[in-house]
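J.: fold the following, please.
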Amino acid sequence: MLFSSRKFDTLVQGLGQRIGVRFPPVIANDPERAVSQNRIEEILDEIFAETLQPEREDQIGFVSKARLRNAFRRKLREIGYDERFVDFATDKLIEQLVREAG
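T.: Residues are numbered from 1 along each chain as shown. Reported below is the predicted structural model:
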């Protein structure tokens with residue numbers, strides 16, 4: 001089942017907002033404020049688990065995953081994250097979706 005546009009937009013917006021609060025770009029993009037990779041993974045895993053919980057009843061198909069991936073990347077860039085973090089967070093999101101589907 002494909003997400004409705006409103007549900008999809010709400011999901012992407014919610015993910016971006018939660019990440020922005022828990023791990024702001026000011027911290028993520030500052031090499032002097034080193035946060036361990038493990039801590040970043042914990043934060044992202046918690047956010048994805050909380051935010052994607054209601055979506056578990058819906059099957060997220062290949063096209064929806066690709067659309068979600070692209071929109072999520074745009075949202076993180078829009079918030080102000082550097083490409084390194086955008087790539088990492090997007091990979092973690094896709095891992096979470098694949099894990100839940102499996």
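
J.: how about the residue with the largest distance to the centre of the chain, secondary structure?
T.: Centroid-distance maximum for the chain: residue 32 at 23.8 Å, with C-alpha atoms, centre = their mean. Under the three-state scheme (DSSP: H, G, I helix; E, B strand; the rest coil), residue 32 adopts coil.

J.: from residue 26, how far out is it?
T.: Summarising the geometry, the distance separating residue 32 from residue 26, computed by C-beta to C-beta, to the nearest Å, is 11 Å. Every C-beta, even on glycine, is put in place using the N, C-alpha and C of the backbone.

J.: show me the common contact partners of these two, please.
T.: Counting by C-beta atoms under 8 Å, 6 or more residues apart in numbering, residue 32 and residue 26 have no common neighbour.

J.: how about residue 35, secondary structure?
T.: Classification of residue 35 into helix, strand or coil gives coil, according to three-state DSSP.

J.: and residue 51, what are its phi and psi?
T.: With angles defined as degrees, to the nearest 10, residue 51 shows backbone torsions of phi -80, psi -40.

J.: scratch that, residue 31
T.: The main-chain torsion angles of residue 31 are listed as degrees, to the nearest 10 and equal phi -60, psi -20.

J.: ok so, going back, for the residue farthest from the centre of the chain, give me the pLDDT.
T.: Model confidence at residue 32, expressed as pLDDT, equals 85.
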